[in-house]
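Colleague: whatever this is, show me its structure:
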Amino acid sequence: MSRRVLVARLDNIGDVLLAGPAVRAVAARADSVCMLAGPRGAAGARLLPGVDEVVEWCAPWIDPEPGPVSAAEVGGLVERIRGFGPAEALVFTSYHQSPLPLALLLRLAGVPRIAAISEDYPGSLLDVRHRVDGDPPEPERALSLAAAAGFPLPRGDDGRLRVAGPLPDVSTVVGERGYVVVHPGASVPARQWPTFRCSAVVRALAAAGRRVVVTGAATERELTARVAGTAGLDLGGRTDLPELAAVLAGADAVIAPNTGPAHLAAAVGTPVVSLFAPVVRAARWAPYGVPRVVLGDQRAPCADTRARVCPVPGHPCLTRVTAADVVAAVERVQEVAA
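Modeller: Okay, the predicted model is just below:
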């Protein structure tokens with residue numbers, strides 16, 4: 001009997017990449033893997049090794065800007081899952097999310113075995129109700145669910161983040177390897193390092209003889225242009241996700257806030273200087289499995305608030321991090337990587 005497995009992670013690209021080791025664990029014992037991903041994370045799902053098919057769906061209980069709940073949309077998802085015919089499903093979530101709304105839809109789609117981490121009473125919705133103690137990094141939390149569901153990480157897999165290759169050739173865009181990437185944007189404003197600080201570090205790195213590449217989405221072109229100035233190469237809006245992965249793979253180090261490209265850098269093995277606002281915990285969401293330096297006051301008043309807009313005037317947890325601090329961190333993270 002074919003062992004078709006559905007895995008779900010309905011958040012942003014970074015969250016999807018952090019689930020990657022667990023997805024590989026599932027793929028090692030499955031005949032095929034379908035990943036259910038939200039519109040903000042589907043591009044990341046398509047980069048994960050072991051994923052054969054991606055189904056994109058916006059979960060109204062997870063997306064930060066959901067549309068109205070529609071019977072037609074929900075019914076359509078149930079039918080798509082039924083069409084894939086999974087023998088089992090694993091629902092990966094963050095600690096503050098419930099897997100139960102999706103588990104109900106999976107039951108309606110006829111999925112016979114469903115596993116998830118759940119503090120809430122699941123009734124008949126889960127066959128494997130897993131619990132996690134402590135504060136492990138997100139990849140390890142997801143791996144613990146996979147193991148509980150019968151999908152331990154296979155021998156020889158180091159459990160780090162990865163993307164499927166080969167990555168595209170970006171040498172005509174970015175030149176030779178050996179530069180520093182500054183990625184200033186984040187989907188959540190509270191997590192961004194102030195623009196004037198980003199611009200200052202580009203100038204400081206260039207003055208120190210570094211080539212600097214500034215990356216960002218098409219919606220961030222104004223931001224990346226301001227940050228790059230005349231000292232950096234502005235790639236804002238000029239790369240899709242596989243091309244961005246290739247750009248990050250060629251870097252000596254990546255400077256980024258807590259956002260998807262920081263995890264993408266980790267997935268291609270590049271050291272990260274993480275400008276990490278403590279609105280969520282660095283222990284869970286800092287770049288995983290690569291040399292890293294985490295900057296930012298992790299005991300600031302905004303700690304653990306999950307705020308999307310900084311609740312503290314002046315955004316001090318990150319504003320107080322200077323360009324000189326970041327240049328020194330780049331040197332330190334390269335020493336660790338050497």
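Colleague: give me the element Ala72 is part of.
Modeller: Counting by DSSP states H and E, the element that carries Ala72 is helix 71-84.
Colleague: look up how far Leu153 lies from the residue lying closest to Leu48 once chain neighbours are set aside.
Modeller: Nearest non-adjacent residue to Leu48, counting by Cβ to Cβ, 6 or more residues apart in numbering: Gly20, 4.9 Å away. (C-beta placed from N, C-alpha, C; glycine too.) Relative to Leu153, Gly20 is positioned 11 Å away (Cβ to Cβ, to the nearest Å).
Colleague: just Leu102 next, same as before
Modeller: Taken as Cβ to Cβ, the span from Leu102 to Leu153 is 24 Å.
Colleague: which of these two has more residues huddled nearby?
Modeller: Using other Cβ atoms under 10 Å, the more surrounded residue of Leu102 and Leu153 is Leu102, with 25 against 17.
Colleague: in a helix, that one, correct?
Modeller: Yes - assessed with DSSP: H, G, I helix; E, B strand; the rest coil, Leu102 lies in a helix.
Colleague: that one contacts Phe92, correct?
Modeller: No - using Cβ atoms under 8 Å, Leu102 is not in contact with Phe92; the gap is 10.2 Å.
Colleague: Arg160: neighbour count?
Modeller: Residues near Arg160, counting by other Cβ under 10 Å, number 14.
Colleague: over to Val201?
Modeller: The local packing of Val201 (other Cβ under 10 Å) involves 29 other residues.
Colleague: for Asp169, same thing?
Modeller: 9.
Colleague: I'd like the distance between it and Gly250.
Modeller: From Asp169 to Gly250 the distance is 10 Å (Cβ to Cβ).
Colleague: where do the strands of the protein begin and end?
Modeller: 4-9, 32-37, 53-56, 88-91, 114-117, 128-130, 180-182, 212-214, 233-234, 253-257, 272-275, 292-295 (DSSP state E).
Colleague: and the fourth one, C-alpha only, in CSV?
Modeller: Once side chains and other backbone atoms are set aside, the C-alpha atoms of strand 88-91 remain, and they are given as CSV (Å, rounded to 0.1, in the frame of the first residue of the first chain):
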residue,chain,number,x,y,z
GLU,A,88,-1.6,10.2,7.2
ALA,A,89,-0.9,13.9,8.0
LEU,A,90,1.4,15.8,10.2
VAL,A,91,0.3,19.4,11.2
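Colleague: who does that strand pair up with?
Modeller: strand 4-9 (parallel), strand 114-117 (parallel) (DSSP bridges).
Colleague: save those as TSV, and put in distance to Ala300 and mean neighbour count too.
Modeller: Formatted as TSV, the strands paired with strand 88-91 follow (distance: least, Cβ to Cβ, whole Å; neighbours: other Cβ atoms under 10 Å):
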stretch	distance to Ala300	mean neighbour count
strand 4-9	28	26
strand 114-117	28	26
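Colleague: of those, which approaches Arg80 most closely?
Modeller: Between Arg80 and the strands paired with strand 88-91, the shortest separation by Cβ to Cβ is 10.2 Å, and it involves strand 4-9.
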